[in-house]
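Trainee: whatever this is, show me its structure:
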Amino acid sequence: MMFLLLKAFHIMSVILWAGASSSLGLFTIVAYEKGINCDYDYMWRFYKKLVNLELFAFFLVIFFGIGMYSMLGFKPIPWLMMKLPIVFGFFLPMEALNVYFIHVKNDIKTYGKFIKIVSPFLIIAGICVILLAVIRPS
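Mentor: Okay, the predicted model is just below:
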């Protein structure tokens, strides 16, 4: 029962993480580039809050994922051994760069370039992780 609760919270955290990281960010960048008449400072401040929500959700994804894995005794499961390098070798560094560009660099133009470059890779990595979790190849 505890494993299923962890799994449910893990999936809900993934949904929150993916939702926070995609929708408004793309709108903000497109609005800025197209010159849509809006308060960019307000949008940028709001987007920073959304990125903080994204980072919190990513932490929850990792937390509940490790919780599930610990309940399995940290055994080397083939599909999981393919998934973990994507999570820790790609998504984690991308979130670290997210923090840098949002809170340190604090520049929407630079952040927009970053998002344009990494978005295709994020989509591909996300699809791979979902396929590995659903298909579970051995």
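Trainee: from now on I want contacts and neighbour counts done on CA atoms only, so please keep to that.
Mentor: OK.
Trainee: torsion angles phi and psi at residue 35?
Mentor: phi 70, psi 30 (degrees, to the nearest 10).
Trainee: ok, then the element right after the least confident helix or strand in the chain by mean pLDDT?
Mentor: When the helices and strands of the chain are compared on mean pLDDT, DSSP states H and E, helix 2-34 comes out lowest with a mean of 83. With elements assigned by DSSP states H and E, the helix or strand that comes after helix 2-34 is helix 40-71.
Trainee: chain center to the following helix or strand past that following helix, what's the gap?
Mentor: Moving toward the C-terminus from helix 40-71, the next helix or strand (DSSP H and E) is helix 78-86. Centre-to-centre, helix 78-86 and its host chain are 17 Å apart (Cα atoms, centre = their mean, to the nearest Å).
Trainee: list the buried ones in helix 78-86?
Mentor: Residues of helix 78-86 classed as buried by neighbour count (16 or more other Cα atoms under 10 Å): 79-80, 82-83.
Trainee: same thing with stretch 111-130?
Mentor: Buried-residue list, stretch 111-130, by 16+ other Cα under 10 Å: 111-112, 115, 125-126, 129.
Trainee: which of the residues you listed has the weakest pLDDT?
Mentor: When these are compared by pLDDT, residue 112 scores lowest at 79.
Trainee: tell me the phi and psi of residue 38?
Mentor: Residue torsions, per degrees, to the nearest 10, at residue 38 are phi -160, psi 170.
Trainee: how close does it sit to residue 114?
Mentor: Applying Cα to Cα, to the nearest Å, the value for residue 38 to residue 114 is 22 Å.
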